[in-house]
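Student: My questions concern the predicted model and sequence given below.
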Amino acid sequence: MKLLVIEDEPRMNQLLRRGLMEDGHTVDTCESAAQANERMQYADYDVIILDWGLPDVDGVALLKSWRNRGVATPVLMLTARGSSGERVLGLRSGADDFLVKPFDFQELTARLEALHRRAGAMQLGAATLGDLEFRRSERVLACGEAHVELTSREFQLFAALASRPGDVRTRSEILAQVWGSNFDGDPNVVDVYIGYLRHKLDAIKTKRVAITTVRGTGYRLTITAAPPASTAGPGSATS
């Protein structure tokens, strides 16, 4: 998993990072709400570990702001607050799970894995994008009777663009999300794979979905509106 740890206590922050990385996860860390918001501009995460008590904005307020913006990433809240009322507040503010300090590290990792599985199951269905159907479980793009299969990397790239249609995704964002933050190859690989996806969109003749270039910045998935239905009746005439 790719995880974001938001914890303002330096020792706990480093313990979480070290333990989760030893389990094989990719981990970014920060110590404030401002840092967390900046991180999330440039990377997508599988699960976020969020401390309730942050120095600038408390975790509940931060989480509410994400949910109001449509951020759906699973969030596990960590806190020393153990009353049932506080747990209910955290869950109603958008938390997906809740763990009270001190906690068992194995329980933490088990809960993170469960959140990841649950989110993955929700994302395996088909999504309709304009005249295009994105069948995630099959890694297929379909338009009418035509369809094409995607390679693993093409699938990840298209999913990254489709997660925020209309938004510009920079090359650095795409590289971090699809190839990983430690990728040190040629960044032009993004342009190559965009070309592969465009070729496949052309092959199924979609009229309403395209990947457009934003010069000097990156790419975005654009979806045009359906043409208006004709209102002419069977007996109407034109002059």
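Tutor: The structure has been received and is ready for your questions.
Student: Nearest residue to residue 115 in space, please, no chain neighbours.
Tutor: Leaving aside its chain neighbours, residue 115 sits nearest to residue 74 (4.0 Å; criterion: CB to CB, 6 or more residues apart in numbering). All C-beta atoms are positioned from the backbone trio N, CA, C, and that covers glycine.
Student: domains for the chain, by residue range?
Tutor: Listed domain ranges for the chain are 2-122, 126-223 (source: automatic domain parsing).
Student: doesn't residue 104 make contact with residue 19?
Tutor: No: the criterion here is CB atoms under 8 Å, and residue 19 misses it with residue 104 at 11.4 Å.
Student: So between these two, which is more surrounded?
Tutor: residue 19 (15 against 9; other CB atoms under 10 Å).
Student: Name the nearest residue to the more buried one, ignoring sequence neighbours.
Tutor: residue 105 (5.6 Å).
Student: What separation is there between that neighbour and residue 9?
Tutor: To residue 9, residue 105 is 16 Å away according to CB to CB, to the nearest Å.
Student: ok, now residue 152?
Tutor: For residue 152, the distance to residue 9 equals 38 Å [CB to CB].
Student: who's more crowded, those two?
Tutor: More crowded of residue 152 and residue 9, by other CB under 10 Å: residue 9, with 13 against 8.
Student: so which helix or strand takes in residue 76?
Tutor: Counting by DSSP states H and E, the element that carries residue 76 is strand 75-79.
Student: for the spatially most central residue of the chain, helix, strand, or coil?
Tutor: For the chain, residue 44 is the residue whose C-alpha lies nearest the centre (CA atoms, centre = their mean; 4.8 Å). Following DSSP: H, G, I helix; E, B strand; the rest coil, we place residue 44 in the coil state.
Student: contacting residues for it?
Tutor: By CB atoms under 8 Å, 6 or more residues apart in numbering, the contact list for residue 44 reads 2, 73, 160, 163, 177.
Student: from what I can see the last one touches residue 43, true?
Tutor: Yes: under the criterion of CB under 8 Å, residue 177 lies in contact with residue 43, with a separation of 6.3 Å.
Student: neighbour count winner among these two?
Tutor: Neighbour totals were compared for residue 177 and residue 43, and residue 177 leads with 21 against 15 (other CB under 10 Å).
Student: Checking my notes, that one in a strand, right?
Tutor: No: counting by three-state DSSP, residue 177 is located in no strand; its state is helix.
Student: contacting residues around it?
Tutor: Contacts of residue 177 by CB under 8 Å, 6+ apart are 43, 44, 156, 160.
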